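*Asks:* Show me how the following folds:
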Amino acid sequence: MRYFHRQVQLWGEETQKKLQKKSIAIIGSGGLGSSLAFALGASGIAEIHMVDFDAVSLHNIHRQIAFKTGDEGKNKAQINANIIEERSPYTKAIAHECDFTTWVAKNIDIDLIIDATDNLPSRGEINEYAKEKNSPWIYGSVEAFHGQVAFIDKSSFSDAFKIITKTPAGIAAPIVMHIASLQANLALRYLAGLNVKKDLLYYLFFNDEGELITQKFMLPK
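*Replies:* Reported below is the predicted structural model:
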């Protein structure tokens with residue numbers, strides 16, 4: 001409890017102990033995934049599964065905070081899992097060097113799925129799996145100066161979004177970290193048993209004057 005002192009001040013020992021019995025899967029270990037690993041890896045969650053088949057490329061490093069020059073060619077999930085366990089001896093981190101379909105076949109029981117992928121088809125697959133398992137999941141996406149976050153429970157991602165393949169726009173690190181932070185806060189609240197607004201899409205963007213605008217939309221059920 002000394003390690004988690006400031007969190008215990010926030011919500012008490014019983015809530016912290018509850019958190020330390022939970023397990024999650026973060027699908028994708030790049031921009032959002034590595035920020036989520038930092039935000040959640042030292043929170044006391046018992047078990048975190050990092051899923052990614054991809055290896056670090058030089059152009060990833062400026063916005064994917066787990067990686068440094070010299071990591072090129074190494075698996076992203078493995079690097080994140082190592083960092084989590086180095087920072088917190090109370091969390092078990094498991095790297096899955098595979099795609100989402102292969103991870104699903106392992107049939108691992110978890111309490112929450114967090115999307116950290118970078119394409120709509122993968123999110124459609126996560127949504128389908130979550131519906132089969134009757135499990136909630138947290139959607140997050142980021143591009144240019146805007147991002148989206150939603151805790152998806154009764155709604156369906158595939159009903160709210162058209163599943164297409166597109167080339168993403170440019171991106172900088174701060175908006176990636178911001179969206180991951182919002183995802184992490186939703187995850188911690190849910191796992192700790194606190195209230196979470198479900199099936200509500202948060203759309204955030206910086207306008208031409210650099211002002212942060214937040215809009216909210218209920219997702220179809």
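*Asks:* Excluding chain neighbours, give the residue nearest to Ser122 in space.
*Replies:* Phe100 (6.2 Å; CB to CB, 6 or more residues apart in numbering). The way it works is simple: take the backbone N, C-alpha and C, and place the C-beta from them, glycine included.
*Asks:* now do Ser156
*Replies:* Asn127 (6.2 Å).
*Asks:* who's in contact with the one you found?
*Replies:* Counting by CB atoms under 8 Å, 6 or more residues apart in numbering, Asn127 touches 137, 152, 156-158.
*Asks:* just checking, which of these belong to helices?
*Replies:* Using DSSP state H, 157-158 are the members of these that sit in helices.
*Asks:* Please compute how far the helix or strand containing the residue nearest to Ser156 lies from its chain's middle.
*Replies:* Assigned by DSSP states H and E, Asn127 falls within helix 120-133. Offset of helix 120-133 from its chain centre (CA atoms, centre = their mean, to the nearest Å): 14 Å.
*Asks:* got it, and stretch 130-149?
*Replies:* The answer for stretch 130-149 is 8 Å, by CA atoms, centre = their mean.
*Asks:* First residue to last residue on that stretch, what's the distance there?
*Replies:* 17 Å (CA to CA, to the nearest Å).
*Asks:* now stretch 91-107
*Replies:* 21 Å.
*Asks:* Please spell out which residues along it are buried.
*Replies:* Across stretch 91-107, burial judged by 16 or more other CB atoms under 10 Å covers 91, 93-98, 100, 103-104.
*Asks:* now do stretch 12-29
*Replies:* Buried residues in stretch 12-29 (16+ other CB under 10 Å): 15-16, 19-20, 22-29.
*Asks:* Contacts only, for the residue nearest the centre of the chain.
*Replies:* By CA atoms, centre = their mean, the chain has its centre lying nearest to Ile114, at 4.1 Å. Contact analysis of Ile114 by CB under 8 Å, 6+ apart lists 24-27, 36, 137-138, 140, 183, 187.
*Asks:* Next: His62.
*Replies:* His62 sits in contact with Ala173, where contact means CB under 8 Å, 6+ apart.
*Asks:* Check the spacing between it and Pro220 real quick.
*Replies:* Distance, His62 to Pro220, using CB to CB, to the nearest Å: 37 Å.
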